[in-house]
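S.K.: coords please:
(2 chains)
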Amino acid sequence: MAPAAARPPAFASLAAALKDAGLAALVAFGCAAPMMGLRTVQGQGGLTLVPRFDTVAIAVAGVFVGRLLLHLWQHRRGAIRFNLPRVPGAGRAVGPAFAVLALVLPFIPGVGRYEVDLGILVLTYVMLGWGLNIVVGLAGLLDLGYVAFYAVGAYTYALSAQHLGFGLWQALPLSGLMAGIAGILLGFPVLRLRGDYLAIVTLAFGEIIRIVLLNWTSVTGGPNGLSGIPRPTLFGLNFSAGGGPGSFADFFGLEPAAIHRIIYLYYIILVLALATNWLTIRLRRMPVGRAWEAMREDEIACRSLGLNITMTKLTAFAIGATLAGLAGAFFATRQAFISPESFTFIESALIVAIVVLGGLGSQLGVAIAALVMIGGFEVFRDLDEFRMLVFGVVMVGIMVSRPRGLVGERMPTVVLRERKGIDAALVKEGAG
Amino acid sequence: MAAPILSIDGLTMRFGGLTAVDGLSFTAARGEITAVIGPNGAGKTTVFNCITGFYRPSAGSIVCTHQDGTQYRLDRLAGHRISSRARVARTFQNIRLFSGMTVLENLLVAQHRVLAPAARMVGLPGYAAAERAAIDRARAWLDRIGLIDRADTPAAALPYGAQRRVEIARAMCTEPVLLCLDEPAAGLNPRESEELNALLMEIRAGGTSLLLIEHDMSVVMRISDHIIVLDYGKRIADGPPAVVQADPKVIAAYLGEDDAEHLPPEVVGS
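M.R.: Okay, the predicted model is just below:
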């Protein structure tokens, strides 16, 4: 066939488009008829079904016309392509800009308690995203049970506060340590697993931790959780809302206000998140970080070069888990109450979604994705029941336009002459 | 004669009912290029995988002897120690570079053995020096393979022939005493193949012994000091190129023993 004939004549394509739109309408009818077409009504003698033909007709017609328009548009434009503009070197300016904005956020006029609270939430997920980025993005190990380490950190703080009287700063290293040990415990059995198998086992691990927390009532309080977790203090100064001797407000001669504690919490998580970022950037340039990335690219070649795959995997799991544990301790002190309900699979899925949406291995991408996912979800609050719908559409839109995440480029860790990003298509996702 | 760098004795590898390598014994002399050839399916790559720890042999022993007399049982060492302790490096038949990492990063990953302890023990200033030394070594190898200008290019973006050279340079960055090359000339054009010959001779001159699997006879016959011919997992010939080339058993293995085998079945049947 000649290249000129690649685009079918208008008539044939119209017939094909009509046929395709008809098929789509048929599928829509199949879906809509039982779900939208029947309505249960409380009548005499129990529920009765009332058909709603008009709703079904509207849905089917909508799908038909929409599909047809899509075809016509496709015919005129060739193939449909979504492409966000590429900004060269954007990372260099955007990253610091975000950091500065994050630093001054509580003091920007018009920023109140709600905004700072939202900032805390976003930063918690930024930190979790960065922590998981080490495991999934750098080492290429798909971990669907990441929230388990978050839970271990949170419960470690809650329990050490309850039984040992620890404050946040004493418990923080312990939380990290316990979560790191949990990471190694998970790491050992999954050393030989790859890809889907690894994902399933990590998912199960997350559930095991949650179920243990739920059922070990004597220690964890079961479904009732643990409450009365101490709030953080600043060099011994507390942030009690009533002020009083020994409080932050009293010491600095300020009017006691609840916002002080919120701002303090905000800066704690900001420091934790920035430390995570610094650590990751640092580790990427160290042999262990390069070993992680090499393992993601090709495990067999790693072995032939004398890299100990066991150690490489375990360090990735342990460091990723430690960071989640630190975030968990922060979560516990912020909420002052934790229960297994906060550590369900959906949380793990959300963190993985943040990492994937942001771009595997990209620090900036993960931060933006956390902002979009967590902050965006709040922004759409006014949309009520359509919130999830809009949210889903946005996510699909991002993945269609940027299949490798918002920032898919990989920056080399060492250069001889010029630093230039590596196209996402060349970078592998890792197979386990 | 000095002790051979590699001595294989009674090596057998079975996969279920299939015996891929059957009681194979041979030695590779230090400072020489030893080639392993044979028809497809003769068991060459299996032998390589046994030497480099990817398979654990069903029977037999593989010993690597260093210059100072230290001996390593390669059939017993853990996979990654074959490179880091016994200093046996390898390349792969289907190139296995870290495709999303730059050429320079590829060569630095190979120097993990030197860099990792420096990062852990000596602390940061010591590490910086170690990394500079590693980059210098990588730079020297890039110069030698003529890819110094492509150091910051992702490995996957290089042309095929260049990827082959990078893989060899990467293996050499582990500072091996024995380098095992699995079909290094596969897919190269005559000029690239010529360059490869020169590179391998240079590596040998640098004191590293080579063991290679190769189909390209122009490479094998010209640079090998010693050739081992395998067929059906057994050694059928062993000697310098000229001797092996003339060996009737080798000719039979490559061309078939009997003319009848090459005739179409209907001719044989009638």
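S.K.: pLDDT wise, what is B:A205 at?
M.R.: According to the prediction, B:A205 has pLDDT 93.
S.K.: Extract the CA atoms of the top helix by length along chain B and return them as CSV.
M.R.: Looking across chain B with DSSP state H, the single longest helix is helix B:124-144. C-alpha atoms of helix B:124-144 as CSV (Å, rounded to 0.1, in the frame of the first residue of the first chain):
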residue,chain,number,x,y,z
LEU,B,124,34.4,10.8,53.3
PRO,B,125,37.9,12.3,52.4
GLY,B,126,39.3,8.8,51.8
TYR,B,127,36.4,8.0,49.7
ALA,B,128,36.8,11.1,47.5
ALA,B,129,40.4,10.0,46.7
ALA,B,130,39.3,6.5,46.0
GLU,B,131,36.6,7.7,43.7
ARG,B,132,39.0,9.9,41.8
ALA,B,133,41.3,6.9,41.3
ALA,B,134,38.3,4.9,40.1
ILE,B,135,37.4,7.6,37.6
ASP,B,136,40.9,7.7,36.4
ARG,B,137,41.0,4.0,35.8
ALA,B,138,37.7,4.3,34.0
ARG,B,139,39.0,7.1,31.9
ALA,B,140,42.1,5.1,31.0
TRP,B,141,39.9,2.2,29.8
LEU,B,142,37.6,4.6,27.9
ASP,B,143,40.7,6.0,26.2
ARG,B,144,41.8,2.5,25.2
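S.K.: got a list of contacts for it?
M.R.: By CB atoms under 8 Å, 6 or more residues apart in numbering or on different chains, the residues outside helix B:124-144 that reach it are A:286, A:414, A:416, B:103-104, B:107-108, B:111, B:114-115, B:118-119, B:122, B:148, B:150-151, B:169, B:172-173, B:199, B:202. For glycine as for every other residue, the C-beta is placed from the backbone atoms N, C-alpha and C.
S.K.: Out of these, which end up buried?
M.R.: Neighbour-count burial (16 or more other CB atoms under 10 Å in any protein chain shown) is assigned, among the contacts of helix B:124-144, to A:286, A:414, A:416, B:103-104, B:107-108, B:111, B:114-115, B:118-119, B:148, B:150-151, B:169, B:172-173, B:199.
S.K.: Name the residues that touch stretch B:204-213?
M.R.: Residues outside stretch B:204-213 that contact it (CB under 8 Å, 6+ apart): B:5-6, B:28-37, B:44-45, B:48, B:51, B:93, B:172, B:176-184, B:200, B:203, B:220, B:224.
S.K.: Which of the contacts of helix B:124-144 fall in helices?
M.R.: Mapping the contacts of helix B:124-144 onto helices (DSSP H) picks out B:V103, B:L104, B:L107, B:L108, B:V114, B:L115, B:A169, B:M172, B:L199, B:E202.
S.K.: Where does the record place the domain boundaries for chain B?
M.R.: Per automatic domain parsing, the domain ranges recorded for chain B read B:1-87+B:177-270, B:93-175.
S.K.: residues touching the closest residue to A:T55 other than its chain neighbours, list them.
M.R.: Using CB to CB, 6 or more residues apart in numbering or on different chains and skipping residues adjacent in sequence, the residue nearest A:T55 is A:M36, 4.8 Å away. Residues near A:M36 by CB under 8 Å, 6+ apart: A:R52, A:T55, A:V56, A:A59.
S.K.: change it to 6 Å
M.R.: Neighbouring residues of A:M36 by CB atoms under 6 Å, 6 or more residues apart in numbering or on different chains: A:T55, A:V56, A:A59.
S.K.: you'd agree the last one is up against A:A32?
M.R.: Think A:A59. Yes. With contact defined as CB atoms under 6 Å, A:A59 counts as touching A:A32 (4.3 Å).
S.K.: So for the worst-scoring helix or strand of chain A on mean pLDDT, what gets flagged as buried?
M.R.: Scoring the helices and strands of chain A by mean pLDDT, DSSP states H and E places helix A:248-251 at the bottom, with a mean of 74. The neighbour-count check on helix A:248-251 (16+ other CB under 10 Å) flags A:F248, A:A249, A:D250 as buried.
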